[in-house]
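Visitor: No sequence on hand, only this structure:
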Ligand code: HEM
């Protein structure tokens, strides 16, 4: 189903009480929403699930209070949460695990697309939906999934991410109760873990926002810049030098596309497996500026088949960045540990504490784990 058809069906599904609430509060009809849950009410099977359930209700109540005491647009969230509570549907960790497994199940449907996996672009969606956070104004981040809305969806940095959003829309149809922010970040977690990367601690609690919460252009990094730019952009999100280097290791997977960013090629020889090869290659290969009509990028002198962005290359030029990059090149376990911590922090940016359904993040199981 296209986005517009989906939108139409969501409108049709809007229940009378929600419509009344909207008109009472004078809230314009949302273009996207999390429709009321259709899934059956799961019975808590253990203390853990019961605990999670209670946590979710408390969180929902917290959100409701927060929303009613906040601006009109935030009150929209209240309708969604109220609908969930009213329908007595409280997703458990098992429910989220099912979503994880469903997402993981589509990675290999990629066929001839890129390197045969959708996992890298789904990781990129999770990162770009979180990396808009501004710690001063406390705006942006993964909470409201505002990349669903123009103009954010059309920002140059997000070119090509419609592929990932469309894939996620199919999952959303199956699990209509999950918020887009939870869905997209859980996608990032599944992508890293299923590409043999480390476990990324994750928990649900993000709520769907509205178009007015979309972030301005220019919050995501520009690959043609240097170390000052990286520090400014990631510092705004609340990351330090070590975390910037660890996160940049996300370029162990995936590739650049000349018809999206203008850059072209993969960073490593195994673009669908998480490794520390990105760092090893930065040190071990001789990197030269590529002679071509495209934007300035580097290529490995040996095979001319790999690439580095100017922002990747500064990781071995800047003295402080280089120290961390060296450590990650020498020790994959250290890279995995630091990447997992920074990635978990990234995916939680912009989410008020009271929204989390669990005081601690969860570890989701890989598909091949019992
Ligand atoms: C350090 C600043 C960063 C810059 C300047 C940057 C820039 C870029 C660019 C230009 C592309 C190519 C897009 C395309 O043409 O399709 C890309 C792809 C990608 N980036 Fe980054 N990125 C940065 C950080 C990150 C981080 C923190 C992560 C994840 C933790 C990440 C994960 C990815 C992935 C997985 C892809 C491949 C997507 C695909 O295969 O379609 N990047 N990035």
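Guide: Happy to help now that I have it. Bear in mind the structure is a predicted one, so any value in this text is a computation, not a measurement.
Visitor: where does the stretch 1-150 of the chain come near the ligand, residue by residue?
Guide: Residues of the stretch 1-150 of the chain found near the ligand (C-beta under 6 Å from any ligand atom) are 114, 120-121, 123-124, 127. Backbone N, C-alpha and C define where each C-beta goes, glycine included.
Visitor: Can I get these in JSON lines including secondary structure, pLDDT and distance to residue 278?
Guide: Below are those laid out as JSON lines (DSSP: H, G, I helix; E, B strand; the rest coil; pLDDT from 0 to 100; distance: C-beta to C-beta, whole Å):
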{"residue": "114", "secondary structure": "coil", "pLDDT": "97", "distance to residue 278": "17"}
{"residue": "120", "secondary structure": "helix", "pLDDT": "98", "distance to residue 278": "12"}
{"residue": "121", "secondary structure": "helix", "pLDDT": "98", "distance to residue 278": "17"}
{"residue": "123", "secondary structure": "helix", "pLDDT": "99", "distance to residue 278": "13"}
{"residue": "124", "secondary structure": "helix", "pLDDT": "98", "distance to residue 278": "15"}
{"residue": "127", "secondary structure": "helix", "pLDDT": "99", "distance to residue 278": "15"}
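Visitor: and the residue of the stretch 251-370 of the chain nearest the ligand?
Guide: Of all residues in the stretch 251-370 of the chain, the one sitting closest to the ligand is residue 254 (2.4 Å; C-beta to the nearest ligand atom).
Visitor: Once you drop chain neighbours, what's closest to that residue?
Guide: Using C-beta to C-beta, 6 or more residues apart in numbering and skipping residues adjacent in sequence, the residue nearest residue 254 is residue 120, 3.0 Å away.
Visitor: Relative to residue 325, how far out is that neighbour?
Guide: 21 Å (C-beta to C-beta, to the nearest Å).
Visitor: Next: residue 269.
Guide: Distance from residue 269 to residue 325, by C-beta to C-beta: 19 Å.
Visitor: tell me the phi and psi of residue 300?
Guide: phi -80, psi 130 (degrees, to the nearest 10).
Visitor: Chain neighbours aside, what residue packs nearest to the most centrally placed residue in the chain?
Guide: Nearest to the mean C-alpha position of the chain, by C-alpha atoms, centre = their mean, lies residue 126 at 1.5 Å. Excluding its sequence neighbours, the residue lying closest to residue 126 (C-beta to C-beta, 6+ apart) is residue 188, at 2.5 Å.
Visitor: name the element that neighbour belongs to?
Guide: Taking DSSP states H and E as the criterion, residue 188 maps to helix 180-194.
Visitor: And that helix, what does it pack against?
Guide: helix 93-106, helix 119-130, helix 162-174, helix 332-347 (3 or more C-beta pairs under 8 Å, 6 or more residues apart in numbering; DSSP states H and E).
Visitor: Pick the most deeply packed of those.
Guide: helix 119-130 (a mean of 27; mean count of other C-beta atoms under 10 Å).
Visitor: Also compute the angle for it relative to helix 180-194, please.
Guide: Calculated by axes from the mean of the first three to the mean of the last three C-alpha atoms, to 10 degrees, helix 119-130 forms an angle of 140 degrees with helix 180-194.
Visitor: how far out from the middle of the chain is stretch 198-207?
Guide: 10 Å (C-alpha atoms, centre = their mean, to the nearest Å).
Visitor: Over to that stretch now: how far is its first residue from its last?
Guide: End-to-end distance for stretch 198-207, by C-alpha to C-alpha, to the nearest Å: 26 Å.
Visitor: what about the strands in the stretch 251-370 of the chain?
Guide: Along the stretch 251-370 of the chain, the stretches classed as strands by DSSP state E, counting those that start in this stretch are 255-256, 265-266, 287-289, 298-300, 307-308.
Visitor: and among those, the most buried is which?
Guide: By mean count of other C-beta under 10 Å, these have strand 307-308 as the most buried, with a mean of 23.
Visitor: any residues touching that one, and which ones?
Guide: 256, 263-267, 282, 287, 290, 297-300 (C-beta atoms under 8 Å, 6 or more residues apart in numbering).
Visitor: and the two most separated of the residues you listed?
Guide: 264 and 282 (18.2 Å; C-beta to C-beta).
Visitor: okay, now residue 232: neighbour count?
Guide: 11 (other C-beta atoms under 10 Å).
Visitor: Domains in this structure, by residue range?
Guide: Domain assignment of the chain by automatic domain parsing yields the ranges 3-33+44-86, 93-209+345-355, 227-340.
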